[in-house]
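Engineer: this is a predicted model, with the sequence first.
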Amino acid sequence: MSNTVLDVKGLNCPLPILRAKKAIKDLAAGGVLEVIATDPGSVKDFDAFCRQTGNELVSQKEDGGVYTFEIKKGA
C-alpha cells in the first residue's frame, strides 16, 4: 500500500482540500494520503470531502493546533 504525505500547514480553506484532491488522484485504490494541516476548518472540510468523494477518513487527530488526517482512497 502506498503512503503519501501532504503538508498543507499554513494554508486556509479551500487550499488544503484542493491540494488533497490533486494528491489523491495520483494514488492507487487503497493507498493512504496523510494530510497535515493547521486550519481548524479542515476538520469538517475533510469529513465532507471524504463523504462526497467515496474515500475513507481512516483517522484524524489534533495536536497543538496541527491536524493530521489519514484518507484511504476508494476503489
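Structural biologist: Looks like it came in fine.
Engineer: which pLDDT does the model give residue 1?
Structural biologist: Predicted confidence (pLDDT) for residue 1: 48.
Engineer: also the one 10 residues further on?
Structural biologist: Looking at residue 11, its pLDDT reads 98.
Engineer: so who does the closest residue to it other than its chain neighbours touch?
Structural biologist: Using CB to CB, 6 or more residues apart in numbering and skipping the chain neighbours, the partner closest in space to residue 11 is residue 39 (6.7 Å). All C-beta spots, glycine's among them, are computed from the backbone N, C-alpha and C. By CB atoms under 8 Å, 6 or more residues apart in numbering, the residues touching residue 39 are 8, 11, 12, 13, 16, 45, 67.
Engineer: buried ones among the residues you listed?
Structural biologist: 8, 11, 16, 45, 67 (16 or more other CB atoms under 10 Å).
Engineer: can you list the residues you listed in a markdown table and add secondary structure?
Structural biologist: Formatted as a markdown table, the buried ones among the contacts of residue 39 follow (DSSP: H, G, I helix; E, B strand; the rest coil):
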| residue | secondary structure |
| --- | --- |
| 8 | strand |
| 11 | coil |
| 16 | helix |
| 45 | helix |
| 67 | strand |
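Engineer: so what's the closest residue to residue 19 other than its chain neighbours up against?
Structural biologist: Nearest residue to residue 19 in three dimensions, chain neighbours excluded: residue 8, at 5.4 Å (CB to CB, 6+ apart). Residue 8 is in contact with 15, 16, 19, 20, 35, 36, 37, 39, 42, counting by CB under 8 Å, 6+ apart.
Engineer: circling back: residue 48 versus the residue nearest to residue 11, what's the distance?
Structural biologist: 14 Å (CB to CB, to the nearest Å).
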